[in-house]
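K.L.:
3D model of this:
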Amino acid sequence: MYATEKLAEFVAGLKTEAVPAPVLASARACVLDLLGAAAAGWRGLGPRAARAAAARLFAPGPASVWFSDIRLEPAGAALANCAAASALDLDDGHRAAGGHPGASIIPASLAVAQETKASGREFLAAVVIGYEVAVRVGAGRDLSRLDTFSTGRWCNFGAAAAAGWLRRLEPAKLAQALALAGVHGPNLSAAGYSRVMGNQAKEGIPWSTLTGLAAAALAEAGFTGPTDLLDHPNYYLPDKILAGLGQSWAVSGVYFKPYSCCRWLHAALDGLLDLLARNRLEAGEVDSVEVHTFRRALNLNNYPDPPTLESAQYSLPFCLAAAALDGREALLPLREELLGRPELTAWAGRVRLEHDPELEALFPAATPARVVLRAGGRSFETTVQHPWGDPAKPMTPADLEAKFRRVSGGELPPADQEELIAAAADLEGRGLERLISRLAQSR
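P.N.:
Presented below is the predicted three-dimensional model:
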C-alpha cells in the first residue's frame, strides 16, 4: 500500500467525534488567528487582484469571498480568501514543514464546508485533517536539499484531504486526490532563486490551494494520478510522513506570529526589543546592530530600503528599524506607510548580518538569532532560540484575541470583531452559522 493510500485510509476513517477536544481547541485558535490575518490583508493590491480574477474565472456558487457579498464555487472563493490571509505574513506556521498551513487549509475547509453544509464540528475536523496531511507531507522531505521552503509545495495535499473528507470520498478516490494534488502542484523554485521577493506570488499558497481543491474534484469524477509519488526517497520520506499517524496532531504544534513579516526574522526582533527595553535604550542611542543567524535568513532580500510591502516582509534590517523606531505595534501589521521613510532606512543601514554556524545547526527545528547592540560605547547581547508564539514560548488565548483586535481594527468595527471572536469560540455550537453570516457581509 502506497503512502497516499495509507493517508487516505486514515483520513476517510476518521470520525468527527474521534478528534480530541484539545485538538479542536487548537483548530479554533487557528481559525480566529487566520481570520484576523485575512481582515488585515483584505485591502492589499494582491488580494484585490485575486478577488477580481476569481470572480472572472469561477462561476457563482455557495462559498463566500470573505468580507464581501460575492459567492463563488469553493475553489474560486478559496483562491481569493487565501490571498487575503497570506498577504501580510501574519498567518500561522509549523516548524516541521517550514511554512504556513493555516492560510491554505482554513479557507479551503470553510469553502467546502459551505458547499457540503457541514456542521461547525465537521469544519473543525476538516481543518485538523488538512493540517495533519499537509504538515506531514511538508515535513517528510529532506529539508536541507530544498531550493525553497515555499508553503505552496505542500499545502495542496492538505487542501485536497480536507475537501475530500468533507465530501466523503472513499479511500481510493482520496488517494487519487492526494496524488493529483502532488503531481499538479506548483514548482515554485523561482521563489528560492529569484531576488525579486517583493512580489505577490510569495509562497504560492492561493494557487496551490486551488490545485488541491481541483485535485479533489478531479478524483471524485474518476481522474487518476501517480499514487506512489510519496514513496520515492529522492523526493519524500514515506516512513517519516506516516510515523505516529493518529497519535499526535499537527494543528497542536503551530506557531503564531506577533509580527507581520517572515518568521525567520522574529527571533532577532524579540532580541532587539528585549535589549532596548531591558537597558532602557532609545532607538536614537543605537550606534549599530549585529544579527547572527542561520543562512536561510541571510538569503532573504534584506533590503534596508525595500520598494514594496512584500519585500519589506523579507528584510531583517527594515523590520528591526521599524520595531526600534515605532515599537512592536509597527509590525502588527506592517503597512506601506513605513516604506521610504528616511529615518527608518537610515537606521536600517546600521544593521549588519552575520552567519552563525552554531545557530545554523539548530535550523530548521528552530529559527534562532543572536543580537549584538552597541550604544554609547557599550555593548549588549542576547540570543533568542524560540521567538514569541512558538510552542516553546506560546501566545495565550488572550494574546491571540488581542492580536486579532489589533490587526483587524482598521478594517472591522468593534462589534464585528467581537462577533467573530465569539463565533470562533462557539464553532461546535452555532458559531459556524454566525461566522459565515459575518464573513458574507460587504464592507
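
K.L.:
For the worst-scoring helix or strand of the chain on mean pLDDT, list every residue counted as buried.
P.N.:
Counting by mean pLDDT, DSSP states H and E, the chain has its least confident helix or strand at helix 190-193, which shows a mean of 79. Residues residue 191 are the ones in helix 190-193 that count as buried (16 or more other C-beta atoms under 10 Å). The C-beta positions use only the backbone N, C-alpha and C, and glycine is treated the same way.

K.L.:
Renumber starting at 678 from here on
P.N.:
Renumbered: residue one is now 678, and that last one reads helix 867-870.

K.L.:
CA atoms only: put that helix into PDB for me.
P.N.:
Extracted C-alpha coordinates of helix 867-870, given in PDB (Å, rounded to 0.1, in the frame of the first residue of the first chain):
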ATOM      1  CA  ALA A 867      11.800  30.800  -8.500                       C
ATOM      2  CA  ALA A 868      10.600  31.700  -5.000                       C
ATOM      3  CA  GLY A 869      14.000  30.400  -3.900                       C
ATOM      4  CA  TYR A 870      16.400  31.700  -6.600                       C
END
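
K.L.:
Mind listing residues that contact that helix?
P.N.:
By C-beta atoms under 8 Å, 6 or more residues apart in numbering, the surrounding residues in contact with helix 867-870 are 823, 824, 825, 826, 827, 829, 878, 879, 880, 881.

K.L.:
So what's the gap between the very next helix or strand once past it and the chain middle?
P.N.:
Sequence order places helix 882-897 as the next helix or strand after helix 867-870, per DSSP states H and E. Computed by C-alpha atoms, centre = their mean, to the nearest Å, the chain-centroid distance of helix 882-897 equals 18 Å.

K.L.:
packing partners for helix 882-897?
P.N.:
helix 751-763, helix 779-793, helix 832-843, helix 848-861 (3 or more C-beta pairs under 8 Å, 6 or more residues apart in numbering; DSSP states H and E).

K.L.:
Show me what the mean pLDDT comes to for the last one.
P.N.:
The predicted model gives helix 848-861 an average pLDDT of 98.

K.L.:
elements contacting it?
P.N.:
Applying 3+ C-beta pairs under 8 Å, 6+ apart, one finds that helix 848-861 makes contact with helix 680-690, helix 832-843, helix 882-897.

K.L.:
Pull out the buried residues from the first one.
P.N.:
The neighbour-count criterion (16+ other C-beta under 10 Å) identifies 680, 681, 682, 683, 684, 685, 686, 687, 688, 689 as the buried residues of helix 680-690.

K.L.:
Could you provide the residues you listed in JSON lines, with additional columns for distance to residue 966 and pLDDT?
P.N.:
Formatted as JSON lines, those follow (distance: C-beta to C-beta, whole Å; pLDDT from 0 to 100):
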{"residue": "680", "distance to residue 966": "45", "pLDDT": "98"}
{"residue": "681", "distance to residue 966": "47", "pLDDT": "98"}
{"residue": "682", "distance to residue 966": "52", "pLDDT": "98"}
{"residue": "683", "distance to residue 966": "49", "pLDDT": "98"}
{"residue": "684", "distance to residue 966": "45", "pLDDT": "98"}
{"residue": "685", "distance to residue 966": "50", "pLDDT": "98"}
{"residue": "686", "distance to residue 966": "52", "pLDDT": "98"}
{"residue": "687", "distance to residue 966": "47", "pLDDT": "98"}
{"residue": "688", "distance to residue 966": "47", "pLDDT": "98"}
{"residue": "689", "distance to residue 966": "52", "pLDDT": "97"}
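
K.L.:
Could you dump those residues into JSON lines with distance to residue 996 added?
P.N.:
Below are the buried residues of helix 680-690 laid out as JSON lines (distance: C-beta to C-beta, whole Å):
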{"residue": "680", "distance to residue 996": "39"}
{"residue": "681", "distance to residue 996": "39"}
{"residue": "682", "distance to residue 996": "44"}
{"residue": "683", "distance to residue 996": "42"}
{"residue": "684", "distance to residue 996": "37"}
{"residue": "685", "distance to residue 996": "41"}
{"residue": "686", "distance to residue 996": "44"}
{"residue": "687", "distance to residue 996": "40"}
{"residue": "688", "distance to residue 996": "38"}
{"residue": "689", "distance to residue 996": "43"}
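
K.L.:
Which one of those is nearest to residue 760?
P.N.:
Closest to residue 760 out of the buried residues of helix 680-690 is residue 688 (26.3 Å), distances taken as C-beta to C-beta.

K.L.:
There's contact between the closest one and residue 854 in this structure, I believe.
P.N.:
No: using C-beta atoms under 8 Å, residue 688 is not in contact with residue 854; the gap is 9.6 Å.

K.L.:
circling back to that earlier point, which of the helices and strands packed on helix 882-897 sits most buried?
P.N.:
helix 832-843 (a mean of 34; mean count of other C-beta atoms under 10 Å).

K.L.:
In a markdown table, list the helices and strands packed on helix 882-897 along with distance to residue 1026.
P.N.:
Formatted as a markdown table, the helices and strands packed on helix 882-897 follow (distance: least, C-beta to C-beta, whole Å):
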| stretch | distance to residue 1026 |
| --- | --- |
| helix 751-763 | 29 |
| helix 779-793 | 32 |
| helix 832-843 | 36 |
| helix 848-861 | 44 |
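
K.L.:
To residue 994, which of those lies closest?
P.N.:
Short answer: helix 751-763, nearest of these by C-beta to C-beta, at 23.2 Å.

K.L.:
show me the contacts for residue 865.
P.N.:
Contacts of residue 865 (C-beta under 8 Å, 6+ apart): 825, 827, 829, 830, 880, 881.

K.L.:
No further queries at this time; thank you.
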